[in-house]
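*Asks:* quick one, fold the following:
(one chain, ligands or ions: 1)
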Amino acid sequence: MQRCVLLTGGTGFVGSALAASMLARGHKVVALSRNDPGGARTRDAVADAISGLSIEPATGWHSRLSIANVDLSQPEMALEKLSLDEVTDTWHVAAEMSYQPAKLPQAFHFNVASTSKLYSAIARRARNCKRFYYVSTAYTAGLDQDEVPERLHDAPRLLNPYQVTKWSAEAVLARKSADTGLPVTIFRPSVVIGDSVTGWNGTSSFGFYMFLDGLRLAAAHGAKAVTLDLRPDAQPNIVPIDVVVKRAVALTETTTEREQLEVFHCVADSTIENRLVLDQMSNATGVQVFTGPPRTPIDELFNKHVSLNKPFADGDWRFCTKRLKQVLGKAYSPSVVSETLVATVSGSYCGARNEDVASKYQRAAKAL
Ligand SMILES: NC(=O)c1ccc[n+]([C@@H]2O[C@H](COP(=O)([O-])OP(=O)(O)OC[C@H]3O[C@@H](n4cnc5c(N)ncnc54)[C@H](OP(=O)(O)O)[C@@H]3O)[C@@H](O)[C@H]2O)c1
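*Replies:* This is a model prediction of the structure:
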């Protein structure tokens, strides 16, 4: 059955890939974007995802994608002008991604207050919308849980505005869903990396990519080797974007009976040691990485550059996925992380960073 998906974050990494995958499955997408009066920014990002992802070709997608230029901090007002009768599902992907403590008010305003208002507006105005999917993060678990259950977390130890506001939004949506009746799915990816076949990762430099950027920075300072203060045997969870969007689409399409409030982890089914990841990053950047306390000024610079992500790379979380597997059944796509995968996404990122993003978009547009 054709769905009509209302989607936020269509200009970003995860959102553009999700829009592309929904369109490839023949669904309609209504993207809500800011600062995009003619829709070109969103359309270009989706075109780039369509040409970059290893998904089935999305033929005739232009006519099934519509873009509304809206200020998501005022969703009630923005949505008033739109007809939402066709909308069957909402995927709220957009988020303020900053880890900087000074950005807490801004992150709270968007990730919590605007999310809450958007949910209310959808519940009130999109009368055929069956479910509100909220893309959160697996790290609302905080730092002290090894075995992470598929439910809301009571009192996690959180480090930054991104985690704090994502955790708060989960709590707000759970309460509102019980009050208003529009079902909510909290969808928690771990660290999202590029496509497992092509390496494509849009324009993201979040999470995993901060380490590659740090190495590129070290290379720009002439370093041939750096020392990173990281546990070489830790096994963080990284999940490719094609797996994330495949599972998101499968959830949207499934006809299995669903719960009013669902919490799912969208993670890889295997992990890989930091040592092996760093070896592949070294191959991609030409900078060798040793682990241990920093010894040189370049080491200090590199360690500082990645410091906000280090606590997440240093951990060994095991995220439960039993419920997601139950709901998706055979549509669950397992994901095994290998050195080859890390080499593919690292190589692709380092190649792409050397290109001008605008010309990349032009090529994508020509290819379609
Ligand atoms: N990337 C990961 O590793 C990862 C892991 C787990 C969960 N997630 C979740 O996935 C979602 C998307 O992440 P991403 O990696 O795709 O990030 P991204 O590439 O930075 O995209 C963020 C998106 O949010 C939009 N946005 C940010 N602030 C906004 C605001 N104030 N008003 C309206 N739109 C705003 C951006 O629009 P503009 O283009 O207009 O700025 C962009 O479309 C987030 O909810 C994040 O928590 C990501």
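
*Asks:* going forward, measure contacts between C-alpha atoms and count neighbours the same way
*Replies:* OK.

*Asks:* which of the three states applies to the residue in the stretch 101-250 of the chain that the ligand sits nearest to?
*Replies:* Using Cα to the nearest ligand atom, the closest approach of the stretch 101-250 of the chain to the ligand is made by residue 192 at 3.7 Å. What DSSP: H, G, I helix; E, B strand; the rest coil gives for residue 192 is strand.

*Asks:* now do residue 205
*Replies:* Assigned with three-state DSSP, residue 205 falls in the coil class.

*Asks:* quick one: it and residue 147, what's the gap?
*Replies:* Using Cα to Cα, to the nearest Å, one obtains 28 Å as the distance from residue 205 to residue 147.

*Asks:* neighbour count for those two, which is higher?
*Replies:* Looking at residue 205 and residue 147 with other Cα atoms under 10 Å, you find the greater number of neighbours at residue 205, namely 16 against 12.

*Asks:* contact partners for the more buried one?
*Replies:* With contacts defined as Cα atoms under 8 Å, 6 or more residues apart in numbering, the neighbours of residue 205 are residue 213.

*Asks:* recalculate using a threshold of 10 Å.
*Replies:* With contacts defined as Cα atoms under 10 Å, 6 or more residues apart in numbering, residue 205 is in contact with 13, 193, 211, 212, 213, 349, 353.

*Asks:* what would those residues look like in TSV with secondary structure and neighbour count?
*Replies:* Formatted as TSV, the entries for the contacts of residue 205 read as follows, by DSSP: H, G, I helix; E, B strand; the rest coil; neighbours: other Cα atoms under 10 Å:
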residue	secondary structure	neighbour count
13	helix	25
193	strand	29
211	helix	22
212	helix	23
213	helix	20
349	helix	25
353	helix	13
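
*Asks:* kindly reformat these as a markdown table containing pLDDT.
*Replies:* Shown next, in a markdown table, are these (pLDDT from 0 to 100):
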| residue | pLDDT |
| --- | --- |
| 13 | 97 |
| 193 | 97 |
| 211 | 95 |
| 212 | 95 |
| 213 | 92 |
| 349 | 92 |
| 353 | 67 |
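
*Asks:* closest one to residue 320 out of the residues you listed, please.
*Replies:* Proximity of those to residue 320 was ranked by Cα to Cα; the top entry is residue 193 with 19.7 Å.

*Asks:* so that closest one is in contact with residue 240, correct?
*Replies:* Yes. Contact criterion Cα atoms under 10 Å: residue 193 and residue 240 qualify, at 4.8 Å.

*Asks:* need the overlap of contacts for those two.
*Replies:* Both residue 193 and residue 240 are contacted by 199, 200, 201, 341, 342, 345, under the criterion Cα under 10 Å, 6+ apart.

*Asks:* out of those residues, which sit inside helices?
*Replies:* Using DSSP state H, the members of the shared contacts of residue 193 and residue 240 that fall in helices are 341, 342, 345.

*Asks:* average model confidence for stretch 72-80?
*Replies:* In this model, stretch 72-80 has a mean pLDDT of 85.

*Asks:* check whether that stretch contacts the ligand.
*Replies:* Yes. In terms of Cα under 6 Å from any ligand atom, part of stretch 72-80 sits within range of the ligand, namely residue 72.

*Asks:* strands of the stretch 1-150 of the chain, start to end?
*Replies:* Taking DSSP state E, counting those that start in this stretch as the criterion, the stretch 1-150 of the chain contains strands spanning 4-8, 28-33, 65-69, 89-92, 131-135, 147-148.
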